[in-house]
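Novice: I would like to see how this sequence folds:
(4 chains)
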There are 2 protein chains.
Amino acid sequence: MTTPKRRVPVMADVAREAGVSHQTVSRVLNDHPNVRPDTRARVEAAISRLGYRRNLAARALVTKRSRTLGVVSFDTTLYGPASTIYGIEQAARTAGYFVSIVSLKSIDTASVGDAIDYLAEQGVDGVVVVAPQRSAGRALENLPAGMPAVAVEGTHSTDVSVVCIDQAEGARLATRHLLELGHETVWHVAGPQDWLETEGRIEGWRSALEEAGRPVPEPLAGDWSPRAGDEAGKSLAGMDGVTAVFAANDQMALGVLRALSEKGVRVPEQMSVVGFDDIPESEFFSPPLTTVRQDFDVVGRHCIEVLLRQIEAGPAAFERLVVRPSFVVRASTAPVR
Amino acid sequence: MTTPKRRVPVMADVAREAGVSHQTVSRVLNDHPNVRPDTRARVEAAISRLGYRRNLAARALVTKRSRTLGVVSFDTTLYGPASTIYGIEQAARTAGYFVSIVSLKSIDTASVGDAIDYLAEQGVDGVVVVAPQRSAGRALENLPAGMPAVAVEGTHSTDVSVVCIDQAEGARLATRHLLELGHETVWHVAGPQDWLETEGRIEGWRSALEEAGRPVPEPLAGDWSPRAGDEAGKSLAGMDGVTAVFAANDQMALGVLRALSEKGVRVPEQMSVVGFDDIPESEFFSPPLTTVRQDFDVVGRHCIEVLLRQIEAGPAAFERLVVRPSFVVRASTAPVR
DNA sequence: CTGTTAGCGCCTTCAT
DNA sequence: ATGAAGGCGCTAACAG
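Specialist: Predicted coordinates for the structure are as follows:
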């Protein structure tokens, strides 16, 4: 087993192989204009012959750019974050950037701050923080100096760029739909406290109710899980005069559906249910769920656009990009009897 | 706006601040034994006073280690991959490694190969490939020389380490459960071709049927989506003598449930349904789904263990680590009438 | 258009 | 226990 001990080829090897200086190799690699076509061809041939790959660490050392973007996220197992990160990764790679991810399990200000520090040490050129909690947003106030950053669903802070979906608008869409169907009012199963989405959806739901002059019931507290929806559904089933429910996400709507079916409440005949997110499963719930669609992919792509603008064009004014949700009517809603 | 133009501090700045050489600073940072406690303290004070962070690019340049692991995955939006990656990321970070992710949208051998090359250029110390398709596995045969790698759900190849869940065992658990309930045979809604999981689950289902001496129906083709399950469910509902269905994942089981409910077939009274994965939603399907649980987290952690062993201890023999699935009985299965 | 000369910030080796 | 010298592989200036 005598391995030939072949070194990984470096630029100088390519230069020798092509009969040029290593500088010319560098120029070819970086698409510099001033290289004669045949020289370029010779270099490229040498590169592929040797299987040369440039050493990005060395490159980063001198350019002070790692071409790596950091992503900090909470629970990448949830559909929303997962889809957003997917969009981010696609867009980043298309732009020639690597993506380094940190998934947090708890979401206090300190963890987010630590994660950002960790990424900063790695030398990321910028970070996107997908942590739509109030406490997480606060961590963005102590960014390492000069670190480009963008928050997904961030607060209305002015020291950092934000890309978000108009949560209140989505909730309004859902609530108005129910009202137009003739329901007297709409109950709401809310997300966990501290989440900005929770607040936005409550606000939109409440405002739609108020603008129609309807009573605003106390929202039921949830935590995004189907179980929470199930519990809320059970309470709702036991109450009089409830005909329409707007759950703050599809998973909780699933739980509501389950509780209602168990209690013998028929959807949509006796009760209309709306969700939020449009996860791939919701079209196949029983019945198929009417819901608000968020285009997470677009959010991810916008994040990268905003971030790269900051990285490549320098720190301009902070942007705030709002994506509008759309509404998908399926079979879980119907006119009130 | 005259910015003071403060450079990012480097090791030499810390050295000056602490009154030592930059060498000593390096020793402190790397936990070298030969540093007097008070010197160490002075250096540490200087580090925090200056907010110094070591430049990992420079470090990687000389150590030839980036402390970054690459992950190649297909559709990180699916529950399985997302959970696996979560486990990977947690374990990697705990071990002091960064994780750089590439999500593929198409999954041919070439894309996986490109992704690995891409990560290799970044200088990752190793890669884990979460791409459980036959075609993806093939890309692992052309790894850049000496690149430590581990495949999740890989083939039985001997040139790369593999961490996987025993798919056949899971399918056997599901099928036997149904058989013990008195069903004459069990129908199967399979995953897409080319996926190793699809094959393993078919194999387990078939073997359980054969060992019980039961007829083996033709599997119905699916693609993991609820829609495919819905279509399969419609066919099944129209056939005579079908009393038990094993869907290759929970999403398709959801579709089956939906189709059956639409066709007026009651679950579990008239038809028993089993899924695979135990996604968080399945407990709240109507009815709650009996399914095979895969512990993706554990898989992710094992991947990192195996990979780090390869990176840090050198290329030992290739390992194959098999995780056993478990079985969760809920309300979608019942004794045959 | 191409080559030469200097580092980038850190770790390794060898001195002290 | 600490310091000095050298170089990792690359890009940025400046020559020619």
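Novice: Flag every buried residue along stretch A:297-314.
Specialist: Of the residues in stretch A:297-314, those buried under the neighbour-count criterion (16 or more other CB atoms under 10 Å in any protein chain shown) are A:297-311. The way it works is simple: take the backbone N, C-alpha and C, and place the C-beta from them, glycine included.
Novice: With just CA atoms, put it into PDB.
Specialist: Once non-C-alpha atoms are left out, stretch A:297-314 reads as follows in PDB (Å, rounded to 0.1, in the frame of the first residue of the first chain):
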ATOM      1  CA  ASP A 297     -39.500  30.600  -1.500                       C
ATOM      2  CA  VAL A 298     -40.000  34.100  -2.600                       C
ATOM      3  CA  VAL A 299     -39.200  35.300   0.900                       C
ATOM      4  CA  GLY A 300     -35.900  33.300   0.800                       C
ATOM      5  CA  ARG A 301     -35.000  34.800  -2.500                       C
ATOM      6  CA  HIS A 302     -35.700  38.300  -1.400                       C
ATOM      7  CA  CYS A 303     -33.500  37.800   1.700                       C
ATOM      8  CA  ILE A 304     -30.600  37.000  -0.500                       C
ATOM      9  CA  GLU A 305     -31.200  39.900  -2.800                       C
ATOM     10  CA  VAL A 306     -31.400  42.300   0.000                       C
ATOM     11  CA  LEU A 307     -28.400  40.800   1.800                       C
ATOM     12  CA  LEU A 308     -26.200  40.800  -1.300                       C
ATOM     13  CA  ARG A 309     -27.100  44.300  -2.100                       C
ATOM     14  CA  GLN A 310     -25.800  45.200   1.400                       C
ATOM     15  CA  ILE A 311     -22.700  43.100   1.000                       C
ATOM     16  CA  GLU A 312     -21.800  44.100  -2.500                       C
ATOM     17  CA  ALA A 313     -23.000  47.700  -2.700                       C
ATOM     18  CA  GLY A 314     -22.100  48.600   0.800                       C
END
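Novice: Just the closest of the buried residues of stretch A:297-314 to B:D108, please.
Specialist: Closest approach between the buried residues of stretch A:297-314 and B:D108, by CB to CB: A:D297, at 21.8 Å.
Novice: Near DNA strand D, which residues of chain A are found?
Specialist: Contact residues of chain A with respect to DNA strand D, defined by CB under 7 Å from any atom of the strand, are listed as A:7-8, A:10-12, A:22-23, A:26, A:29-30, A:54-55, A:58-59, A:61-63.
Novice: For DNA strand C, tell me which of these show up nearby.
Specialist: A:H22, A:Q23, A:A58, A:L61, A:V62.
Novice: ranking these by neighbours, who comes first?
Specialist: A:L61 (19 neighbours; other CB atoms under 10 Å in any protein chain shown).
Novice: Could you say which helix or strand holds that residue?
Specialist: Using DSSP states H and E, A:L61 falls within helix A:56-63.
Novice: between that helix and helix B:56-63, what angle do the directions make?
Specialist: 130 degrees (axes from the mean of the first three to the mean of the last three CA atoms, to 10 degrees).
Novice: who's in contact with A:A95?
Specialist: In this structure, A:A95 makes contact with A:I304, A:L308, judged by CB atoms under 8 Å, 6 or more residues apart in numbering or on different chains.
Novice: if we can go back for a sec, show me how to select, in PyMOL, the buried members of the residues of chain A next to DNA strand D.
Specialist: Of the residues of chain A next to DNA strand D, the buried ones can be selected in PyMOL as follows, counting by 16+ other CB under 10 Å:
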select buried, chain A and resi 10+11+26+29+54+55+58+59+61
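Novice: need the contact list for the residue nearest the centre of chain A.
Specialist: Averaging the C-alpha coordinates of chain A gives a centre point, and the residue nearest to it by CA atoms, centre = their mean is A:T84 (2.9 Å). For A:T84, the contacting residues are A:S73, A:V130, A:V152, A:F296, A:D297, A:V299, A:G300, A:C303, taking CB under 8 Å, 6+ apart as the criterion.
Novice: swap in A:A110?
Specialist: If you count contacts by CB under 8 Å, 6+ apart, A:A110 has them with A:A139.
Novice: Tell me if I am right that it is in a helix.
Specialist: Yes. Under DSSP: H, G, I helix; E, B strand; the rest coil, A:A110 falls within a helix.
Novice: Give me the pLDDT for it.
Specialist: A:A110 is assigned a pLDDT of 81 by the prediction.
Novice: Report whether stretch A:127-139 contacts chain B.
Specialist: No. Between stretch A:127-139 and chain B, judged by CB under 8 Å from any CB of the partner chain, nothing touches; the nearest distance is 12.9 Å.
Novice: Now do the end-to-end distance for that stretch.
Specialist: Terminal residues of stretch A:127-139 lie 12 Å apart, using CA to CA, to the nearest Å.
Novice: So, low pLDDT: which residues of the stretch 1-150 of chain A?
Specialist: Across the stretch 1-150 of chain A, residues meeting the criterion (pLDDT under 70) sit at A:1-6.
Novice: Okay, strands next: where are they in it?
Specialist: Along the stretch 1-150 of chain A, counting by DSSP state E, counting those that start in this stretch, strands occupy A:68-74, A:98-104, A:126-130, A:149-152.
Novice: Indicate which one of those strands is closest to B:T109.
Specialist: Minimum separation from B:T109 across these (CB to CB) falls at strand A:98-104, 22.0 Å.
Novice: quick one: that closest one to chain centroid distance?
Specialist: The gap between the average C-alpha position of strand A:98-104 and the chain average comes to 12 Å, counting by CA atoms, centre = their mean, to the nearest Å.
Novice: Also stretch A:308-318?
Specialist: Taking CA atoms, centre = their mean, one finds the center of stretch A:308-318 at 20 Å from the center of the full chain.
Novice: that older thread, of all the contacts of A:T84, which two lie farthest apart?
Specialist: Taking CB to CB, the two most distant members of the contacts of A:T84 are A:S73 and A:D297; they sit 15.3 Å apart.
Novice: Tell me, how many residues neighbour the nearest residue to A:P81 once chain neighbours are set aside?
Specialist: Distances taken as CB to CB, 6 or more residues apart in numbering or on different chains put A:S73 closest to A:P81, at 5.0 Å, once the chain neighbours are dropped. By the measure other CB under 10 Å, the count of residues near A:S73 is 28.
Novice: Quick check: A:S73 touching A:G80?
Specialist: No. Taking CB atoms under 8 Å as the contact criterion, A:S73 and A:G80 are not neighbours in contact, 9.9 Å apart.
Novice: need the contact list for A:A12.
Specialist: Contacts here follow CB under 8 Å, 6+ apart; on that basis A:A12 touches A:H22.
Novice: In stretch A:44-61, which residues are buried?
Specialist: Buried residues in stretch A:44-61, counted by 16+ other CB under 10 Å: A:46-47, A:50, A:52-61.
Novice: Would you tell me whether that stretch gets close to chain B?
Specialist: Yes. On the criterion CB under 8 Å from any CB, stretch A:44-61 is in touch with chain B at A:R53, A:R54, A:N55, A:L56, A:A57, A:A58, A:A60, A:L61.
Novice: could you give me the average pLDDT of stretch A:277-286?
Specialist: Here the mean pLDDT over stretch A:277-286 is 95, rounded to a whole number.
Novice: now do stretch A:196-209
Specialist: The average pLDDT for stretch A:196-209 rounds to 97.
Novice: Dump the C-alpha coordinates for it into CSV.
Specialist: What follows is stretch A:196-209 as a C-alpha-only set of coordinates in CSV (Å, rounded to 0.1, in the frame of the first residue of the first chain):
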residue,chain,number,x,y,z
LEU,A,196,-44.4,38.2,15.6
GLU,A,197,-46.6,36.1,13.3
THR,A,198,-48.9,35.4,16.2
GLU,A,199,-49.3,39.1,16.8
GLY,A,200,-49.7,40.0,13.1
ARG,A,201,-52.4,37.4,12.6
ILE,A,202,-54.3,38.4,15.7
GLU,A,203,-54.1,42.0,14.6
GLY,A,204,-55.4,41.3,11.1
TRP,A,205,-58.2,39.1,12.4
ARG,A,206,-59.2,41.6,15.0
SER,A,207,-59.2,44.5,12.6
ALA,A,208,-61.3,42.7,10.0
LEU,A,209,-63.8,41.9,12.8
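Novice: Might you calculate how far it sits from the centre of the chain?
Specialist: 20 Å.
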